[in-house]
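In: Dropping the sequence and predicted coords here.
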Amino acid sequence: MARGRGCGTRDIEQVHTEHVGEMNRRGDATSGGGHRAVLWLLLGVVLLSSSAFGVLLLLGPFVKTVGGTERTYGALCAAAAIPTAIALALLLRHPRAVAPNLLLGGSCLVYTAAAVLAASVHSQGPALVVAAIVLGTAWAVTYTAAPMIASELSDDRNRATLIGYATGTIQAGFGIGPVLGSGLRDAGLSYQHVFLVGAGLALGAAVLVVPLTVQLRRLAAANAARATAAPAVSTSGSQPARAGGTPAGDDGGAGRDVRRMLRSPSVVPLTMVLLSACVFTTMNSFQTTFADSRHLDFDVFYVTYTIAVIAVRLGLARRLSDSASDRVVALTTLGMTAASVAFVFVGSSPVLYCLASLLLGCTYGLGLPAFQARAVNLAGPAERVRMLPMAGLLFEVAILAFPIVAGAVVDSHGYRGLFVLLIGITSVVTVLGQVRGQARGQARPPAVGASAPDQPPRPAADPAAPVSQPAGAPRN
């Protein structure tokens with residue numbers, strides 16, 4: 001009888017094991033589809049919101065029609081730097097206070113309102129300053145929240161790829177927006193009507209956040225069901241993980257974590273993000289006035305640059321086993337310097353203008369997500385959840401504050417002097433790109449594709465497939 005009871009117990013255990021396995025297989029399929037739905041909806045939101053931002057870049061030439069200069073436009077951009085720093089510092093201090101998808105939707109609504117305000121402006125004055133401040137701050141939150149959602153769907157190996165998807169789509173919007181705005185102006189619309197079109201794009205992005213939120217909740221429910229059916233085996237000595245994927249008790253030591261983060265190897269890629277933002281904002285914000293000064297069509301820059309960024313972030317990055325590797329970082333930083341040099345010799349040649357734009361798009365397009373991913377990968381478990389908000393803080397403050405420097409340089413030394421300044425900045429980025437870091441308390445990981453001793457090689461993962469989050473990976 002005892003033997004019979006033992007056999008029955010084993011039969012029950014076998015049935016339970018098979019049931020759990022079937023639940024896991026169904027969960028994997030559901031989760032995989034959920035990840036892809038979230039990714040596509042996220043890219044849709046990002047494309048609409050960044051296109052709205054691109055349309056509002058026509059504030060630059062609009063300011064010149066009401067008596068302003070490049071210095072005036074730079075000052076308007078810089079006016080948003082302090083509010084942006086405050087907003088992103090709060091996000092850095094309380095990374096889980098509001099879910100990133102809700103931040104994304106709210107910032108798109110605020111951007112819509114600010115674009116409508118800009119459309120009501122017909123001269124320089126307080127209304128224009130307020131519109132510029134709100135536009136800059138709302139966009140900074142949008143830009144920071146989107147990669148946070150993308151990072152949630154990734155692991156260390158494919159984080160640069162998924163962040164590249166989000167930021168690559170942002171770059172696509174940056175290219176589409178100015179071209180759309182220019183086309184509307186050529187069709188006879190006023191700047192005010194063009195800004196209303198930008199407001200409509202931002203509103204569309206806010207509306208699309210609703211199905212994105214629904215899919216995120218379904219994905220969270222599916223993951224919770226999988227965890228209930230087959231709870232993960234805890235590793236010896238590991239801390240219990242919170243819902244956000246970081247060790248329990250993380251929120252209490254935010255200040256300590258930030259100080260530790262700034263002393264970590266991540267400070268090097270964070271500095272590269274900051275300096276790259278100075279290059280990006282100069283090339284993007286002053287391209288309309290630069291092209292006009294050389295009797296060029298700025299559509300050449302935005303179209304070529306956008307195609308290049310999309311090609312490398314959504315195409316080439318997928319073919320690289322690790323798009324944040326030392327080699328990728330070294331090559332892209334060298335290319336950014338070469339692109340800055342190329343713009344000095346553009347003159348009035350559309351061909352040279354196109355080639356310089358292509359080189360910048362390829363190198364910057366692949367480099368920035370690699371710098372962001374490296375900052376996360378080199379961080380310790382406690383700091384990871386705050387790494388992308390920190391990168392967003394540095395990036396957005398730079399793109400808002402640096403235009404005032406760039407505008408002053410253009411007024412004093414012309415565009416040639418500006419490009420000399422950018423060559424100096426990209427040269428520093430190139431030097432920093434040669435620094436090889438490793439996460440504190442960890443051995444340097446083997447090259448991608450290499451296997452650990454006595455283990456078979458790991459196959460490359462589908463970037464959109466569900467992954468197991470390492471402890472401390474940033475989540476919403």
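Out: Looks like it arrived, so ask away.

In: Wait, a helix at Ser123?
Out: No: under DSSP: H, G, I helix; E, B strand; the rest coil, Ser123 sits outside any helix and is assigned coil.

In: How many residues are close by it?
Out: 9 (other Cβ atoms under 10 Å). For the C-beta atoms, the positions are set from N, CA and C on the backbone; glycine is no exception.

In: Now it: closest residue in space that isn't a chain neighbour?
Out: Val66 (5.2 Å; Cβ to Cβ, 6 or more residues apart in numbering).

In: Kindly report the same for Ala140.
Out: Glu396 (3.6 Å).

In: circling back: and the residue nearest to Ser123, how far from Leu128?
Out: Val66 sits 8 Å away from Leu128, going by Cβ to Cβ, to the nearest Å.

In: okay, these two: which has more neighbours?
Out: Ranked by neighbour count (other Cβ under 10 Å), Val66 and Leu128 place Leu128 first, with 23 against 14.

In: tell me which element the more buried one falls in.
Out: Per DSSP states H and E: Leu128 is located in helix 126-152.

In: Quick check: next helix or strand after that helix?
Out: Assigned by DSSP H and E, the successor of helix 126-152 is helix 159-186.

In: and the helix or strand that that next one is followed by, what other elements does it pack with?
Out: Reading on from helix 159-186 to the C-terminus, the next helix or strand found by DSSP H and E is helix 191-229. Counting contacts by 3 or more Cβ pairs under 8 Å, 6 or more residues apart in numbering; DSSP states H and E, helix 191-229 is packed against helix 2-56, helix 59-65, helix 100-119, helix 159-186.

In: ok so, going back, helices or strands next to the helix holding Leu128 in the packing?
Out: Using 3+ Cβ pairs under 8 Å, 6+ apart: helix 126-152 touches helix 2-56, helix 70-78, helix 81-93, helix 100-119, helix 159-186, helix 384-433.

In: Next one: Gln171 relative to Ile404, how far apart?
Out: From Gln171 to Ile404 the distance is 23 Å (Cβ to Cβ).

In: so where's the stretch 201-350 of the chain shaky on pLDDT?
Out: Residue ranges of the stretch 201-350 of the chain with pLDDT under 70: 223, 226-227, 229-262, 317-318, 321-324.

In: what does the stretch 51-200 of the chain give?
Out: For the stretch 51-200 of the chain (pLDDT under 70), the answer is 154-160.

In: ok, now with 80
Out: 69-70, 92-96, 147, 150-165, 167-168, 171 (pLDDT under 80).

In: For Leu135, which non-adjacent residue is closest in space?
Out: Ala114 (4.5 Å).

In: mind listing what the one you found touches?
Out: By Cβ atoms under 8 Å, 6 or more residues apart in numbering, the contact list for Ala114 reads Ala131, Val134, Leu135, Ala138.

In: Thought Leu117 was touching the second one, still the case?
Out: Yes: look at Val134 against Leu117 with Cβ atoms under 8 Å: they come within range, at 7.2 Å.

In: Who are the contact partners of Phe345?
Out: Applying Cβ under 8 Å, 6+ apart, the residues contacting Phe345 are Leu352.

In: That should have said Ser427, apologies.
Out: So Ser427 contacts Thr337 (Cβ under 8 Å, 6+ apart).

In: buried set for the particular helix or strand that has Thr281 in it?
Out: Per DSSP H and E: Thr281 is located in helix 267-285. Residues of helix 267-285 classed as buried by neighbour count (16 or more other Cβ atoms under 10 Å): 267-285.

In: can you give me the offset of that helix from its chain's centre?
Out: Relative to the chain's own centre, helix 267-285 is displaced by 12 Å; criterion: Cα atoms, centre = their mean, to the nearest Å.

In: Ok, which of the helices and strands packed on helix 126-152 comes nearest Met148?
Out: Closest approach to Met148 among the helices and strands packed on helix 126-152 is made by helix 100-119 (4.2 Å; Cβ to Cβ).

In: before we move on, the earlier item: which SSE is immediately downstream of the helix holding Thr281?
Out: Counting by DSSP H and E, what follows helix 267-285 is helix 287-293.

In: so what does that next one touch, helix or strand wise?
Out: helix 59-65, helix 298-311, helix 384-433.

In: Ok, which of these comes nearest Gly177?
Out: Across the helices and strands packed on helix 287-293, closest to Gly177 is helix 298-311 (Cβ to Cβ), at 8.2 Å.

In: hmm, back to that, so between Gln171 and Ile404, which is more surrounded?
Out: Using other Cβ under 10 Å, the more surrounded residue of Gln171 and Ile404 is Gln171, with 28 against 20.

In: circling back: what is the nearest of the contacts of Ala114 to Leu41?
Out: Ala138 (20.0 Å).

In: Could you export the helices and strands packed on helix 126-152 as a markdown table, including distance to Arg313?
Out: Below are the helices and strands packed on helix 126-152 laid out as a markdown table (distance: least, Cβ to Cβ, whole Å):
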| stretch | distance to Arg313 |
| --- | --- |
| helix 2-56 | 11 |
| helix 70-78 | 25 |
| helix 81-93 | 23 |
| helix 100-119 | 19 |
| helix 159-186 | 3 |
| helix 384-433 | 16 |
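
In: Point out the one among these that comes closest to Thr213.
Out: Per Cβ to Cβ, nearest to Thr213 of those: helix 100-119, 5.1 Å.

In: what's the angle between that closest one and helix 191-229?
Out: 170 degrees (axes from the mean of the first three to the mean of the last three Cα atoms, to 10 degrees).

In: Please identify the buried residues of helix 100-119?
Out: Buried-residue list, helix 100-119, by 16+ other Cβ under 10 Å: 100-101, 103-119.

In: distance of Gly68 from Val121?
Out: 12 Å.

In: More neighbours: which of those two?
Out: Each of Gly68 and Val121 has its neighbours counted (other Cβ under 10 Å); Val121 has more, 22 against 19.

In: Could you give the separation of the helix holding Leu128 from the chain centroid?
Out: 12 Å.

In: Can you list the buried residues in that helix?
Out: So for helix 126-152, counting by 16+ other Cβ under 10 Å, buried means 128, 131-152.

In: Quick check, Leu102 in contact with Leu216.
Out: No: the criterion here is Cβ under 8 Å, and Leu102 misses it with Leu216 at 9.9 Å.

In: so Ala308 makes contact with Gly361?
Out: Yes: contact status for Ala308 versus Gly361: in contact at 2.7 Å, counting by Cβ under 8 Å.

In: between those two, which one's more packed in?
Out: When neighbours are counted by other Cβ under 10 Å, Ala308 and Gly361 differ, and Gly361 comes out ahead with 27 against 22.

In: Could you measure from the more buried one over to Val45?
Out: Distance from Gly361 to Val45, by Cβ to Cβ: 22 Å.

In: now Ser266
Out: 27 Å.
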